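Asker: Here you go, sequence then predicted model.
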Amino acid sequence: MNQQLPLNALELLSPARDADVGIAAIDHGADAVYIGGPSFGARAAAGNTLEDIARLADYAHRYNAKVFAALNTLFTNEELPQARRLAFELAAAGADVLIVQDMGLLMGELPAIEIHASTQCDIRTPEKAAFLEAVGFSQIVLARELSFEEIAAVRARLRSARIEFFVHGALCVSYSGRCFMSEAMTRRSANRGACSQLCRLPYDVETLAGEALARRSHVLSLKDNDQSAHLEALIDAGVSSFKIEGRLKDAAYVKNVTAFYRKKLDAILARRKDLVRASDGRSEFTFEPAPEKVFNRGATDYFVRGKHFEEPYEAAALESPKHTGARIARVVAKDAKTVTVELFDGVELANGDGLTYLDDHDEVRGLAVNGVEAVPLSRTRARGTSSNRASHRPLVRITPSEPVFRLEGLSVGTILSRNRDHAFLKQLAGKSARRRVPVTVVFTHHEDGLDLVITDGVACGSASVAMALEKPSDPEKNRKTLATNLQKLGDTIFEAESVSVPENLEVFVPASVANALRRAAVADLAAAREAARPKPVVPVIDRTVPYPEKVLGFTANVANDEARRFYEAHGARVTAPAFEIRPVRSADLMTCRHCVRAALSLCPKMLRYHPEWLEKHPREYFRPEPLILRNSAGERFEAQFHCRRSPCEMTIKKC
């Protein structure tokens, strides 16, 4: 039986740096996790052994959840046989899915496992998505840049392949799979899992004539993706799998963000009877999920609503690519050892918190809190306070971990943000969720013995015992004790939603017998669930369907002979190998929907809605002419703006 899920099965897909983080993701509500194997994953620093993959798969399968193994780098001719061997090893370890970018893998034998098209495949059009479905991919990871309308257009061209879409986490400024800056400048390929993230660096921005427009601004560093307000719209557009970015993130991030989206999706499932969940069980949390309390660069919904030139452009995190946190306080006084701050509404500070602020040069600085002392209202005019306080917000005195005089740029009026919430992280440090599959327990007896059936509504487990039946001395106590014993499923994945014991039970059931029946029925149910779990099949590949493009250059990322043969078999001519195999002079190193002009309020399409911008710059500054980006090493790049494309785009090349 094919393992592929129906389109209406909503899947929450979480990242796993390692098996333990993956298990935590399952506990906190993930329907699937994606993880790197020993090699060839697009996060080279997040590899795992086959034994750990097997351990994670065993745990996930108990809930009918899946494990996606990332095999999504490009392979050289020498590496391709190793990658194919690893594909079989991952399938044998229990992985349910291979995430793939390199089409050379499809030209040889594949294991019985689903294959999903990686976001590195740069899937933006209905034609490309339909082609990938035809050649065997059962799930397609669309580009993060797409709008609702573009997603719906892809869905209309697909038959049974599911659409996967990133809903949370870091954004690549270039279309994934189409960024070559790291390879060109540092010989670290983003397509091979070793991106050096040059987009997170600060840049000076100048006109072609050398006039400065910005200094040390992070104009290529995007805020983090946040589609939590658009989940139902994404469902209606055709998304089935909701992916959280972060295969290098820690357990606290994964627990928190997974729990947050679990609650959001569960609320939709409760309203929409046309939708089902992709795995079993329900999770209970010991904390209230809050994504803003773990690593984030701010939030943007990017271009899912399309480009709206009348709105402020807020996709870029111009100040810093770091996690600066949420604003929580204002400095009202300081002395040689302490800083007194006015807390914003609902905020509490604790020892161990980490705070950030902007100095006089708009550089992000940080401080660690070693001590917190409440300041009584009668002492609000603390030494160093420049004026009377009009508000009645609480004051606290902070003792930083370093002398106050070293905190450059920290002055009265400075706004503090918190990027490490010690109390919240402490909640996440231990066991912070419990996931259980609800079951019904039914006890009956017959002339020669006792029977027990436990069912999750689909699979059943049963157990019987033959024994001489005796009447209880206290029937009511006997019945209640039996029900209590049958309900004790605490050391299993199951939770008794209801226990049925005959009202007129007149058979004495010793606790030891009840416990043995329960354990046997639970084991039988677990075996039945595993037997019923859909198993993968070898993907069916159409070897004749034409590729939607006839000529492919280096951007097709053809790194081996088998990949070239794949495209040629589908009617496309490959004119150049991947950039990693043979670099291209004067190539577009990035292709982006993000726009530096828009980030700097210099977009000609936005000017009509913001004529006040002309008070800062003359009209000629708004012509879509190229701009020069210069990093601290003196390397220069030219940003070109293609305003007539639909949608408009920006490309970047080395000067």
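Answerer: Here it is on my side, so go on.
Asker: Quick check: Lys263 vs Asn419, distance?
Answerer: Noted for Lys263: a distance of 24 Å to Asn419, by CB to CB, to the nearest Å. Heads up, the C-betas are built off the backbone N, CA and C, glycines and all.
Asker: Those two - which one has more neighbours?
Answerer: The neighbour comparison of Lys263 against Asn419 (other CB atoms under 10 Å) goes to Asn419, with 19 against 14.
Asker: In three-state terms, label that one for me.
Answerer: Using DSSP: H, G, I helix; E, B strand; the rest coil, the structure places Asn419 in strand.
Asker: isn't it right up against Val364?
Answerer: No: the pair Asn419 / Val364 is not scored as a contact, 9.4 Å apart, by CB atoms under 8 Å.
Asker: Show me what the residue most central in space within the chain bridges to in the sheet.
Answerer: Nearest residue to the geometric centre of the chain (CA atoms, centre = their mean): Ile244, 1.4 Å. Beta bridges link Ile244 to His168, judged by DSSP bridges.
Asker: Ok, Val364 next?
Answerer: Beta-bridge partners for Val364, by DSSP bridges, are Leu358.
Asker: try Ala117
Answerer: Under the criterion used here (DSSP bridges), Ala117 is bridged to Val100, Ile140.
Asker: Can you pull the residues that touch both of Asn419 and Val364?
Answerer: In the contact map built from CB atoms under 8 Å, 6 or more residues apart in numbering, the residues linked to both Asn419 and Val364 are Lys322, Thr324, Thr356.
Asker: Please report the number of neighbouring residues for the last one.
Answerer: When neighbours are counted by other CB under 10 Å, Thr356 registers 20.
Asker: Hmm, Asn419 and it touching each other?
Answerer: Yes: the pair Thr356 / Asn419 is scored as a contact, 5.3 Å apart, by CB under 8 Å.
Asker: who touches both of the two?
Answerer: Lys322, Thr324, Gly325, Gly366.
Asker: Secondary structure element holding the last one?
Answerer: If I follow you right, that is Gly366. strand 364-375 (DSSP states H and E).
Asker: need the next SSE after that strand, C-terminal direction.
Answerer: Next along the chain from strand 364-375, counting by DSSP H and E, comes strand 395-400.
Asker: List the contacts of that next one.
Answerer: Here strand 395-400 makes contact (CB under 8 Å, 6+ apart) with 329, 332, 337-343, 349, 355, 367-375, 377, 380, 382, 407.
Asker: neighbouring strands for that strand, and are they parallel or not?
Answerer: Note on strand 395-400: by DSSP bridges, its sheet partners are strand 339-343 (antiparallel), strand 364-375 (antiparallel).
Asker: Flag every buried residue along that strand.
Answerer: For strand 395-400, the neighbour count (16 or more other CB atoms under 10 Å) marks Leu395, Val396, Arg397, Ile398, Pro400 as buried.
Asker: Look up the residues forming beta bridges with the second one.
Answerer: Bridge pairing for Val396 (DSSP bridges) gives the partners Val341, Ala374.
Asker: Using CSV, list the CA coordinates for the longest strand belonging to the chain.
Answerer: The residue-count maximum for a strand in the chain (DSSP state E) belongs to strand 433-446. Extracted in CSV, the C-alpha atoms of strand 433-446 (Å, rounded to 0.1, in the frame of the first residue of the first chain):
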residue,chain,number,x,y,z
ALA,A,433,5.2,18.0,26.4
ARG,A,434,3.3,14.7,26.5
ARG,A,435,1.8,13.1,23.4
ARG,A,436,-0.7,10.3,23.8
VAL,A,437,-3.0,8.4,21.4
PRO,A,438,-6.6,8.2,22.8
VAL,A,439,-8.0,4.7,23.0
THR,A,440,-11.2,3.0,24.1
VAL,A,441,-10.8,0.1,26.6
VAL,A,442,-13.6,-2.6,26.6
PHE,A,443,-13.6,-5.4,29.2
THR,A,444,-15.9,-8.4,28.9
HIS,A,445,-16.1,-11.9,30.3
HIS,A,446,-17.4,-15.2,29.2
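Asker: Not counting its own residues, what contacts the helix or strand following that strand?
Answerer: Once strand 433-446 ends, the next helix or strand along the chain (criterion: DSSP H and E) is strand 449-455. Residues from elsewhere that reach strand 449-455 (CB under 8 Å, 6+ apart): 439-445, 460-467, 469, 486, 494, 507, 509, 513, 517-518, 520-522, 524-525.
Asker: Which residues are in contact with Ala514?
Answerer: Leu482, Asn485, Leu486.
Asker: before we move on, what about Thr324?
Answerer: Thr324 touches Arg297, Gly298, Thr356, Val364, Ser417, Asn419, counting by CB under 8 Å, 6+ apart.
Asker: got it, and Gly298?
Answerer: Gly298 neighbours (CB under 8 Å, 6+ apart): Lys223, Asp224, Ala317, Thr324.
Asker: wait, which of these is closest to Gly281?
Answerer: Asp224 (28.2 Å; CB to CB).
Asker: beta partners of the closest one?
Answerer: Here Asp224, judged by DSSP bridges, has bridge partners Ala299.
Asker: burial of it, as a residue count?
Answerer: Counted by other CB under 10 Å, the residues lying close to Asp224 total 20.
Asker: out of the contacts of Ala514, who's nearest Pro6?
Answerer: Taking the contacts of Ala514 together and measuring to Pro6 by CB to CB, the closest member is Leu486, at 34.3 Å.
Asker: any idea how far the residue nearest to Ser176 when sequence neighbours are not counted lies from Ala152?
Answerer: Residue nearest to Ser176 in three dimensions, not counting chain neighbours: Thr119, with 4.4 Å by CB to CB, 6 or more residues apart in numbering. For Thr119, the distance to Ala152 (CB to CB) stands at 19 Å.
Asker: What of His422?
Answerer: 44 Å.
Asker: Out of the contacts of Thr324, which one has the lowest pLDDT?
Answerer: Minimum pLDDT across the contacts of Thr324 is recorded for Val364, with 89.
Asker: Count the residues that sit near that one.
Answerer: Val364: 16 neighbours (other CB under 10 Å).
Asker: circling back to that earlier point, which member of the buried residues of strand 395-400 is positioned nearest Pro611?
Answerer: The closest of those, once distances to Pro611 are taken by CB to CB, is Leu395, at 43.5 Å.
Asker: and the gap between the closest one and Gly325?
Answerer: Leu395 sits 20 Å away from Gly325, going by CB to CB.
Asker: Check the gap between Thr76 and Arg188 for me.
Answerer: Separation of Thr76 from Arg188 (CB to CB): 16 Å.
Asker: how long is stretch 102-121 from one end to the other?
Answerer: End-to-end distance of stretch 102-121 (CA to CA, to the nearest Å): 8 Å.
Asker: Show me which positions of it end up buried.
Answerer: 102-107, 110-111, 113-121.
Asker: can you check stretch 398-410 too?
Answerer: Under the neighbour-count criterion of 16+ other CB under 10 Å, stretch 398-410 has Ile398, Pro400, Val404, Leu407, Leu410 buried.
Asker: got a list of what the fourth one touches?
Answerer: Contact partners of Leu407, counting by CB under 8 Å, 6+ apart, are Val339, Arg365, Leu367, Pro400.
Asker: Just flag the most distant two among the residues you listed.
Answerer: Val339 and Arg365 (12.8 Å).
Asker: Now list whatever residues contact both of these two.
Answerer: Joint contacts of Val339 and Arg365 (CB under 8 Å, 6+ apart) are Leu407, Leu410.
Asker: higher neighbour count, the two?
Answerer: Shown here are Val339 and Arg365; by other CB under 10 Å, Val339 has more neighbours (25 against 16).
Asker: What ranges does the stretch 451-600 of the chain have for its helices?
Answerer: Shown for the stretch 451-600 of the chain, the helices assigned by DSSP state H, counting those that start in this stretch span residues 475-486, 511-532, 561-569, 596-599.
Asker: for the record, mean pLDDT for the last one?
Answerer: Pointing back at helix 596-599 there. Here the average pLDDT along helix 596-599 is 97.
Asker: repeat for the longest one
Answerer: Averaged across helix 511-532, pLDDT comes to 96.
Asker: Now do the strands in the stretch 201-350 of the chain.
Answerer: All strands of the stretch 201-350 of the chain, identified by DSSP state E, counting those that start in this stretch, fall at 203-207, 212-217, 224-226, 239-244, 276-277, 282-285, 299-300, 326-334, 339-343.
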